[in-house]
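[1] I'll drop the sequence and a predicted model, then ask my questions.
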Amino acid sequence: MTEMNGVYCSSRPMRIGAATPRKSSGYQQQYSSQGGYASNGAPGQGPQSEGDSSNTTIFVGGLDPNVTDEDLRQPFSQYGEIASVKIPVGKGCGFVQFANRENAEEALHKLNGTVIGKQSVRLSWGRNPANKQASLSPFTSSTQFKKIEYNA
């Protein structure tokens with residue numbers, strides 16, 4: 001730490017010191033309650049995740065962009081019946097939904113930090129699809145818009 005303190009990174013000197021745990025701010029508490037990472041780096045276990053005993057969806061972060069749905073399904077399937085696997089395009093993440101909670105819990109604990117594709121993945125609880133509508137932002141509209149074509 002002493003050796004690197006003050007060394008320039010680009011045009012600015014770095015300040016190097018031992019990491020200290022912070023008190024959680026409102027943002028960090030809110031983010032971790034949605035299955036993200038808390039300020040201590042541990043997976044968030046908030047009301048939509050650990051406390052929701054009906055949630056069976058696992059969020060898979062740090063996903064190799066070359067991994068397919070089938071590549072993602074394979075390591076999880078050894079823990080039980082999978083209801084669905086989704087990989088949003090270009091997001092570097094995926095979602096695996098199990099048929100039951102116990103299987104999802106076991107997979108989350110055993111597969112967290114393992115390599116899928118060529119990258120180590122971070123697992124946490126995703127949103128329960130049943131709660132998805134309730135968790136939408138007030139600025140998000142669930143109304144679908146009709147496509148209008150103009151002839152010029």
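    Thanks, I have it. Numbering: from 1, shown residues only.
[2] remind me what the top helix by length along the chain packs against, helices and strands.
    As assigned by DSSP state H, the longest helix anywhere in the chain is helix 101-111. Secondary-structure packing of helix 101-111 (3 or more CB pairs under 8 Å, 6 or more residues apart in numbering; DSSP states H and E): strand 57-61, helix 69-77, strand 93-98, strand 122-125. Where you see a C-beta, it was placed from the backbone N, CA and C, and this is true even at glycine.
[3] just give me the neighbour total for the residue nearest to Gly17 when sequence neighbours are not counted.
    Closest residue to Gly17 apart from its sequence neighbours, by CB to CB, 6 or more residues apart in numbering: Met1 at 6.7 Å. Neighbour count of Met1, defined by other CB atoms under 10 Å: 7.
[4] residues contacting Met1?
    By CB atoms under 8 Å, 6 or more residues apart in numbering, Met1 lies in contact with 16-18.
[5] that older thread, looking at the helices and strands packed on helix 101-111, which is buried most?
    For those, the largest average neighbour count (mean count of other CB atoms under 10 Å) is found in strand 57-61, namely a mean of 23.
[6] pLDDT weak spots in the protein?
    Scanning the chain for pLDDT under 70 picks out 21-51, 129-152.
[7] JSON lines please, covering the helices and strands packed on helix 101-111 and showing distance to Val7.
    JSON lines is the format used below for those (distance: least, CB to CB, whole Å):
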{"stretch": "strand 57-61", "distance to Val7": "31"}
{"stretch": "helix 69-77", "distance to Val7": "40"}
{"stretch": "strand 93-98", "distance to Val7": "34"}
{"stretch": "strand 122-125", "distance to Val7": "30"}
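[8] closest one to Glu106 among these?
    Nearest to Glu106, of all the helices and strands packed on helix 101-111, is strand 93-98, at 9.2 Å by CB to CB.
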